[in-house]
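Student: With the input below, show me the fold.
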Amino acid sequence: MKSRVRLDDSTWARIFSFLKSQPDVRIANPKQCRRFLEAVLWITRTGAQWRELPSRFGKWNTIYKRYRRWCRRGIWTRLLQASIDDPDLEQLIPDSTVIRAHPCAAGAKGGSNISP
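Tutor: Below is the predicted model of the structure:
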C-alpha cells in the first residue's frame, strides 16, 4: 500500500529536480529536505496543529518557519505550477490555504464577545 505521507523515490526525484532549479531554494541536505516535505504532507493530510507534528520529522517550529518562508517566496505555488500537468504529483503539492492555523494565530481571544 502506498503511503499518503512518504514520498516514493520517483516522486521525490521529480520534486528534487525542480527544487534544485530554483534560485531561492537552498538544499544543503537532500534527506532533510525530503523529510521537511513529508512533514508538510503530514500536516496537510491530518489537519493537525504544527505542535502535533511527530518528532520523527524534526522540530515542529523549524519546519513551520521553513514552510512559511517557502510560502512568502512563492515556492509552493511554483512547485504546483510545475507539477500541474503531472497526474502523479497533482494531489501531492500542498496549497498554503489548506493548512490551518491555530485560532490564536488569527487573533481569536476566546471568551464571550457580549458586552453588558
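Student: Send over stretch 64-74 as CSV, restricted to the C-alpha atoms.
Tutor: As requested, C-alpha coordinates have been extracted for stretch 64-74 and formatted as CSV (Å, rounded to 0.1, in the frame of the first residue of the first chain):
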residue,chain,number,x,y,z
TYR,A,64,6.9,25.7,10.3
LYS,A,65,9.3,28.5,9.8
ARG,A,66,10.7,26.9,6.7
TYR,A,67,7.2,26.3,5.4
ARG,A,68,6.3,30.0,5.9
ARG,A,69,9.5,31.1,4.1
TRP,A,70,8.5,28.9,1.2
CYS,A,71,5.0,30.4,1.2
ARG,A,72,6.4,34.0,1.2
ARG,A,73,8.8,33.2,-1.6
GLY,A,74,6.1,31.5,-3.7
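Student: pLDDT of it, averaged?
Tutor: The average pLDDT within stretch 64-74 is 95.
Student: Go through that stretch and flag the buried ones.
Tutor: For stretch 64-74, the buried set under the neighbour-count rule, 16 or more other Cβ atoms under 10 Å, comprises 64, 66-67, 70-71. For every residue, glycine as well, the C-beta is placed using N, CA and C.
Student: mind listing which of those are in helices?
Tutor: When those are checked against helices (DSSP state H), the matches are 64, 66-67, 70-71.
Student: Closest one of those to Q22?
Tutor: Out of these, the one with the shortest distance to Q22 is W70. That distance is 9.9 Å, counting by Cβ to Cβ.
Student: Could you pull up the residues touching the closest one?
Tutor: Shown here is W70, whose contacts under the criterion Cβ atoms under 8 Å, 6 or more residues apart in numbering are 25, 76.
Student: Against A82, how distant is it?
Tutor: If you measure W70 against A82 using Cβ to Cβ, to the nearest Å, the figure is 14 Å.
Student: elements contacting the one helix or strand L79 maps to?
Tutor: Of the helices and strands defined by DSSP states H and E, L79 is found in helix 75-83. Identification of packing neighbours for helix 75-83 by 3 or more Cβ pairs under 8 Å, 6 or more residues apart in numbering; DSSP states H and E yields helix 9-20.
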